[in-house]
Structures are given as structure tokens and as C-alpha cells.
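Chemist: Predicted coordinates and the sequence they were generated for:
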Amino acid sequence: MKSWWVKLFLGGVILLLLLIFVILLAANLGAVKISITKLFLEPYKTIFFKIRLPRIALGLVVGAALGLAGTVYQGVLKTPLADPYILGVSSGAAAAVALLTLLKSFPYYALPAGAFVGSLGALFLVFIIAKKPEPNRLILAGIIVNSFLGAIVTFVLAISRENMHQIIYWLMGGLSNKGFKEAGVLGLYLLFGLGFLFVLARDLNAMSFGDDTAVQLGVEVTKKRALFLILASLLTAGAVSFSGTIGFVGLVVPQVVELIFGKDFRLLIPLSTLAGAILLVFADALARSILAPAELPVGVITAFIGAPFFAYLFIRRGYHA
């Protein structure tokens, strides 16, 4: 049997090559086709360097963050149904953005900042309701918080006619009108989370065998579970604050990577990060191309890709997976 680091190297090389291919594909797709021969001619040069490339960069880090967060959620909560939104993190962001849009004017960074605060506030509520960071209690608490925050969003939509389009677009997710600055901020955030979680991958492996086994192996299960959930939620909050609520990336990516490379979190953590970036960049390229020059929200594309595939995984693994 190959050592885990050999699998990590081979998997990393394969996914990096696929990521490069997807980036090149995304750079060419869109309302305006940009070939290498046109790259330094106006207006193609401006479109590529000022609009398309920054958008690809943001898609990379948002997808990577969601893929990584989904891996941690599924590992800690021990269910393939877990994703970055199960604990109400995205609903908290959506509710905060919806409430902010009721204001007549606010600075540009108020929306991402508000989304970040709303995400963490939702997580705080989940922990208060659950009382103990146990998987079943956290999932049930997440359902409660999601329902409440969803009602807030619906209420704001009902009374806010002028900003309804902005709220709906946020709920469906998108990468437009953002660039290298946002990608750089989230990228630093992602690197910290990735490094920290990779160091703790052995603890996640131990917890996957059950709490009793993990305790016997010296893992402080309650503290580590809370730490993992906080880190995953911080990653989700950072991604949602810039991209809106993009579903299914953190749900499907960990399952695909696990099917191919096995359930070793020393592999799943870095490889799901790469796979998440690949999926979102590809989905965004499709969003810009299918109805060009019109553009679909990228969240619609990830739902079209993710929902059928996840249904297949769910049926294949059985309802008690």
C-alpha cells in the first residue's frame, strides 16, 4: 500500500494540472472569446487583466475555502449531508446582508463585513442552542437557526422592493465586481486555515473512528470538535462575505475526493481544497458562457452540478451512510 504522502503528491499533481486546465478554459470563455493572439490587444487586454483574471482568482480562493470547510464539517459531524451551510453560517450572512440593504446608503465594504459578522453570530447562536458540541445536537440547532434566519430574509424581501434584486443575487451567489484585493484577503485567510487544519488532520482521523476511540488516542474530543467547527465556519464566513451564498461546493467536493483517494484527512484536507477551487472556477466559467452576454449566478450552476451528483452519492451509499 502506498504511503499517504505518496498519494498526496500524486493526487496533488493531478489536481494541479486539472486546475491549470480549468483556469485556461475559464480565461477564454465568456461573452468575449480571448485567444492568446488577442491577449495584448485592446479591448481584450483590459477585459482579461481587469475583469476576467481577478474574477478567476476570487473563484479559486472561494471554492478552495468552501471545499476545505465542507471536508471539516463532514468529518466532525460524521455525515455526508453536512456542508458549510448546515450550521446556519450562510443564513447568518444572508440575513445580515438583507438587513443592511434596508439602509439607503452604506460603504462598499459594509456588505462583506456585515456578512462576516452575521455568519459568526449565527454560529454563536447554534452553540448556545446546542449547549454541547455533539453532532446530532449541532445539526438540530443548525436547522432551528436556519429556519429563523430564513424567515428574516423572507420578511426583508417582502418589505424591500427597491433592493430585492440585490438581495436575491446575493442569495444565489456571484463573483462579479470583485477582484484581486478580495482574493488576496481571503487567500491569506485560507492559507492560515489550511495550514492549521492540516496539522490537526490526525485528530480528525481519530475522531472518525468514534469519540471513545479518539479519547483513547489522547484527543480532547469536545474541545477539538468545537475548534474544528469554528475554523470551518470562519472559512465559510470569509468566502460568503465576498461571494454570497454558493451551495453544493462544500457538500459534493469532499465526497468526490473521498471516493477517489480514501478517507484519510491528511489527503482530504489539501486535495478537497484544490478540488473546491477547480469546481467553482469551472462553474463560474459556465455561468458566464451559457447565456452570454447575459450572466447566470454561479450558485445556480453549482446547484445544477451538485444536486444530481449528490443524489447519486446518497442513493449509492444508502440512506444510513
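Modeler: Yes, it's here. Note that this is a predicted model, so its numbers are computed, not measured.

Chemist: For stretch 247-262, buried residues please.
Modeler: Within stretch 247-262, the residues scored as buried using 16 or more other CB atoms under 10 Å are 247-258, 261. From N, CA and C alone the C-beta is placed, and that goes for glycine too.

Chemist: Same check on stretch 143-159?
Modeler: For stretch 143-159, a neighbour-count test (16+ other CB under 10 Å) marks 145-146, 149, 152-153, 156-157 as buried.

Chemist: Please flag which of the buried residues of stretch 247-262 sit within helices.
Modeler: Among the buried residues of stretch 247-262, the ones falling in helices (DSSP state H) are 249-258, 261.

Chemist: from the buried residues of stretch 143-159, which is closest to A31?
Modeler: L157 (29.3 Å; CB to CB).

Chemist: Against G92, how distant is the closest one?
Modeler: The gap separating L157 from G92 is 16 Å, by CB to CB, to the nearest Å.

Chemist: same question, K224
Modeler: K224 is 23 Å from G92, where distance means CB to CB.

Chemist: neighbour count winner among these two?
Modeler: A side-by-side neighbour count of K224 and G92, using other CB atoms under 10 Å, places G92 first with 31 against 18.

Chemist: Can you classify that one by secondary structure?
Modeler: Following DSSP: H, G, I helix; E, B strand; the rest coil, we place G92 in the helix state.

Chemist: What residues of stretch 205-213 count as buried?
Modeler: Within stretch 205-213, the residues that qualify as buried are 205-208, 211, counting by 16+ other CB under 10 Å.

Chemist: Enumerate the positions of whichever strand or helix holds G12 that are buried.
Modeler: Using DSSP states H and E, G12 falls within helix 4-28. By 16+ other CB under 10 Å, the buried positions in helix 4-28 come out as 4, 7-8, 11, 15, 19, 22-23, 26-28.

Chemist: can you list contacts of it?
Modeler: 34-35, 48, 52-53, 56, 59-60, 260-262, 264, 266-267, 270-271, 274-275, 277-278, 281-282, 284-285 (CB atoms under 8 Å, 6 or more residues apart in numbering).

Chemist: following that helix, which helix or strand shows up next?
Modeler: Using DSSP H and E, the helix or strand that directly follows helix 4-28 along the chain is helix 44-46.

Chemist: quick one: that following helix to chain centroid distance?
Modeler: In terms of CA atoms, centre = their mean, to the nearest Å, the gap separating the centre of helix 44-46 from the centre of its chain is 30 Å.
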